[in-house]
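Peer 1: let me see the structure of the following:
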Amino acid sequence: MRLTTLSAGRCYSIGALAERGGPWRIVDFPAGFALIEDEPIGPILFDTGYGPGVPAALRRWPGILYGLVTPVRLRPGETAAEQLVARGIAPEEVALVVVSHLHADHIGALADFPRARLAIDVDHARPVLARRGLRAVARAFLPQLLPGDYAERLYPLHFSSPPPWLTEFDRAADLTGDGRLWVVRAPGHAAGELCLVAGTPGRPDGTGLTLLAGDAAWSSAALRAGRLPPLPARLILDDTRAAAATVRLLARWARTHPGARIICSHDRNSDGN
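Peer 2: Residues are numbered from 1 along each chain as shown. Model prediction:
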């Protein structure tokens with residue numbers, strides 16, 4: 001299994017409002033996604049970053065409000081599909097996209113992968129999926145970014161007892177059945193938030209494991225410290241108490257697996273690894 005972290009577009013925010021200790025100036029943050037290769041079912045993505053449908057959605061009401069709060073930049077050649085083609089992978093070859101949650105920077109290019117199954121925690125994301133208009137934008141959800149046939153393409157997630165290296169979590173879902181990709185729930189930042197743990201531990205310290213944490217924390221440093229974002233950013237959390245509990249749990253997992261690689265979607269130094 002080969003895992004590569006990439007990004008598709010960027011968003012902008014005052015650094016200190018996104019993360020404690022950040023600068024009081026505008027900072028660009030990548031919209032990260034990950035490519036997992038050498039799996040029997042075919043290429044797998046964790047999220048997609050921004051896609052070509054996002055700029056168009058942000059030019060129309062009410063998506064324009066999203067763009068005012070979170071300005072977006074997507075340059076030619078930056079979409080996930082374009083980057084995969086450059087690596088010799090056709091978009092139609094992508095077998096599965098694990099959707100960490102439904103914010104636009106995570107589902108922005110789902111339409112570019114027409115044959116991919118979609119792993120979404122529908123049971124917990126359903127309240128957001130039902131929203132439209134301003135109520136959807138208030139949750140950073142742009143419904144037009146979901147493929148029209150997404151419901152027919154849903155990939156089942158069967159949660160059960162976790163493997164020994166994920167005992168901090170009550171339950172986990174073996175994504176492909178070979179024990180190398182596990183999905184865990186990470187509520188708080190957004191409804192239906194998922195993390196993905198890839199690999200198997202080569203040593204007790206977690207060497208060989210990669211945690212793709214999505215937006216459960218703004219950065220891997222914040223996750224390891226068990227730190228929530230500053231107050232302004234907390235206002236957009238789906239559930240502040242759940243977010244605090246999740247980041248504490250992930251920090252505990254990180255402490256017991258110090259050899260594991262941890263990647264959050266907006267980490268600024270993970271591209272191409």
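Peer 1: quick one, what contacts residue 180?
Peer 2: Contacts for residue 180 (CB atoms under 8 Å, 6 or more residues apart in numbering) come out as 1, 39, 198-200. Glycine gets a C-beta too; all of them are placed from N, C-alpha and C.
Peer 1: min pLDDT across the residues you listed, which one?
Peer 2: Of all the contacts of residue 180, residue 39 carries the smallest pLDDT score, 85.
Peer 1: that one against residue 1, yeah?
Peer 2: Yes. If you go by CB atoms under 8 Å, residue 39 and residue 1 touch, sitting 6.3 Å apart.
Peer 1: overlap in contacts, these two.
Peer 2: Taking CB under 8 Å, 6+ apart as the criterion, residue 39 and residue 1 both touch 180-181.
Peer 1: which of the contacts of residue 180 are buried?
Peer 2: For these, a burial check counting by 16 or more other CB atoms under 10 Å picks out 39, 198-199.
Peer 1: as CSV, those residues with secondary structure and distance to residue 87 would be great.
Peer 2: As requested, those are exported to CSV (DSSP: H, G, I helix; E, B strand; the rest coil; distance: CB to CB, whole Å):
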residue, secondary structure, distance to residue 87
39, coil, 15
198, strand, 18
199, coil, 20
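Peer 1: give me the spatial nearest neighbour of residue 50, chain neighbours excluded.
Peer 2: Counting by CB to CB, 6 or more residues apart in numbering, residue 50 lies nearest to residue 9, which is 3.4 Å off, once chain neighbours are set aside.
Peer 1: doesn't that neighbour lie inside a strand?
Peer 2: Yes. Counting by DSSP: H, G, I helix; E, B strand; the rest coil, residue 9 is found in a strand.
Peer 1: burial measure for it, as a count.
Peer 2: Residues lying near residue 9 (other CB atoms under 10 Å) number 22.
Peer 1: my guess is it contacts residue 76, does it?
Peer 2: No. Look at residue 9 against residue 76 with CB under 8 Å: they stay out of range, at 11.1 Å.
Peer 1: which stretches in this protein count as strands?
Peer 2: 2-14, 26-37, 44-46, 72-73, 96-98, 117-119, 159-160, 172-174, 181-185, 194-198, 210-212, 261-263 (DSSP state E).
Peer 1: will you turn the ones you listed into CSV that also has distance to residue 80?
Peer 2: Formatted as CSV, these follow (distance: least, CB to CB, whole Å):
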stretch, distance to residue 80
strand 2-14, 5
strand 26-37, 6
strand 44-46, 7
strand 72-73, 15
strand 96-98, 9
strand 117-119, 14
strand 159-160, 27
strand 172-174, 23
strand 181-185, 18
strand 194-198, 16
strand 210-212, 14
strand 261-263, 16
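Peer 1: residue 170: neighbour count?
Peer 2: By other CB under 10 Å, the residues close to residue 170 number 12.
Peer 1: do you know how far it is from residue 247?
Peer 2: 16 Å (CB to CB, to the nearest Å).
Peer 1: repeat for residue 106
Peer 2: Distance check for residue 106 against residue 247: by CB to CB, it reads 18 Å.
Peer 1: who's more crowded, the two?
Peer 2: Ranked by neighbour count (other CB under 10 Å), residue 106 and residue 247 place residue 106 first, with 28 against 25.
Peer 1: so what's the residue count around the residue nearest to residue 181 when sequence neighbours are not counted?
Peer 2: Nearest in space to residue 181, with sequence neighbours left out and distances taken as CB to CB, 6+ apart, is residue 175 at 4.0 Å. Other residues within reach of residue 175, judged by other CB under 10 Å, total 24.
Peer 1: kind regards, and thank you for your time.
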